[in-house]
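Participant: Predicted coordinates and the sequence they were generated for:
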Amino acid sequence: MMMPRQSSFPQPQAMQFDQFHQQQHMHQPSPHLISSLQQCVSSTANCVETMKESIEAFEFVLQDHPRLITVLKCQKHFDLVSERDIDSARSHISGEVLPHLNELLQRASVEMERQERRAVALKNKAEAQHQRLQAIKSIDQHQAKLHPSSKTSRSQAHQQTLAQLQQQLESQRAQLSALKMHKLELLKKADDLEAATRDL
């Protein structure tokens with residue numbers, strides 16, 4: 001009686017044995033290969049991070065892109081004006097403005113002269129009041145020496161007069177200071193007008 005022929009296909013146990021045998025004979029990766037793989041992974045991570053930063057930079061730069069597209073679609077960006085038109089417009093403006101500036105300068109000059117005359121008059125008046133005040137003081141001192149008995153009544157009257165004169169003197173000095181300030185303002189305005197005239 002003949003025996004059945006043995007199957008040429010490996011049985012499950014035989015397959016497991018063969019796989020285990022193959023794993024035992026496989027070469028283990030070298031440390032150099034592992035280090036190279038780690039460097040490749042690190043370089044890839046750096047590239048990804050650099051690409052991410054580049055994308056963020058591009059997004060920041062291109063965020064105004066829609067507005068630029070709208071602006072560039074405009075057909076008329078600017079106008080060119082000829083030099084002849086500019087000179088004509090400048091002459092027209094000068095013809096309209098210069099007479100008014102000259103009139104204002106003339107008014108400022110007249111007002112400055114008037115204020116200067118008024119300031120001189122007030123200054124002379126203040127000096128006269130000061131001299132009068134000094135004269136009254138000297139008269140009071142002289143009369144006090146000559147008539148000691150009437151010193152009290154006369155001194156009161158003279159004190160009132162001196163007080164009035166002192167008030168007038170202070171008022172005139174205040175007016176003089178105000179005129180000086182007004183004169184400085186007029187001078188500044190005149191300088192501004194002259195500068196505007198030169199620019200035209």
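Facilitator: On my side now, so go ahead.

Participant: going forward, measure contacts between C-alpha atoms and count neighbours the same way
Facilitator: Fine.

Participant: What helices and strands are in contact with the lengthiest helix in the chain?
Facilitator: Counting by DSSP state H, the longest helix found in the chain is helix 83-146. Applying 3 or more Cα pairs under 8 Å, 6 or more residues apart in numbering; DSSP states H and E, we find helix 83-146 packed against helix 151-199.

Participant: Report all helices and strands that the helix it packs on contacts.
Facilitator: So helix 151-199, by 3+ Cα pairs under 8 Å, 6+ apart, packs with helix 83-146.

Participant: quick revisit: what angle do the longest helix of the chain and helix 151-199 make?
Facilitator: With axes from the mean of the first three to the mean of the last three Cα atoms, to 10 degrees defining the directions, helix 83-146 sits at 170 degrees from helix 151-199.

Participant: three-state assignment of Leu80?
Facilitator: Here Leu80 is recorded as coil under DSSP: H, G, I helix; E, B strand; the rest coil.

Participant: how near is it to His92?
Facilitator: As judged by Cα to Cα, to the nearest Å, Leu80 and His92 stand 20 Å apart.

Participant: These two: who's more crowded?
Facilitator: When neighbours are counted by other Cα atoms under 10 Å, Leu80 and His92 differ, and His92 comes out ahead with 11 against 5.

Participant: so who does that one touch?
Facilitator: If you count contacts by Cα atoms under 8 Å, 6 or more residues apart in numbering, His92 has none.

Participant: What's the local residue count around Glu113?
Facilitator: Neighbours around Glu113, by other Cα under 10 Å: 13.

Participant: and it, what pLDDT?
Facilitator: Listed pLDDT for Glu113 reads 84.

Participant: Against Leu133, how distant is it?
Facilitator: For Glu113, the distance to Leu133 - Cα to Cα - is 30 Å.

Participant: ok, now Gln175?
Facilitator: From Gln175 to Leu133 the distance is 19 Å (Cα to Cα).

Participant: low-confidence ranges in the protein?
Facilitator: 1-29, 76-78, 140, 142-158, 196-200 (pLDDT under 70).

Participant: can we see that at 90?
Facilitator: 1-43, 55-200 (pLDDT under 90).

Participant: residues touching the most centrally placed residue in it, list them.
Facilitator: The residue lying closest to the centre of the chain (Cα atoms, centre = their mean) is Asp192, at 22.6 Å. With contact set as Cα under 8 Å, 6+ apart, Asp192 has no partners.

Participant: Against which helices or strands is the host helix or strand of Met51 packed?
Facilitator: Using DSSP states H and E, Met51 sits in helix 31-61. In this structure, helix 31-61 makes packing contacts with no helix or strand, judged by 3+ Cα pairs under 8 Å, 6+ apart.

Participant: buried ones in whichever helix or strand comes after that helix?
Facilitator: For helix 31-61, the following helix or strand on the C-terminal side (DSSP H and E) is helix 65-72. Across helix 65-72, burial judged by 16 or more other Cα atoms under 10 Å covers no residue at all.
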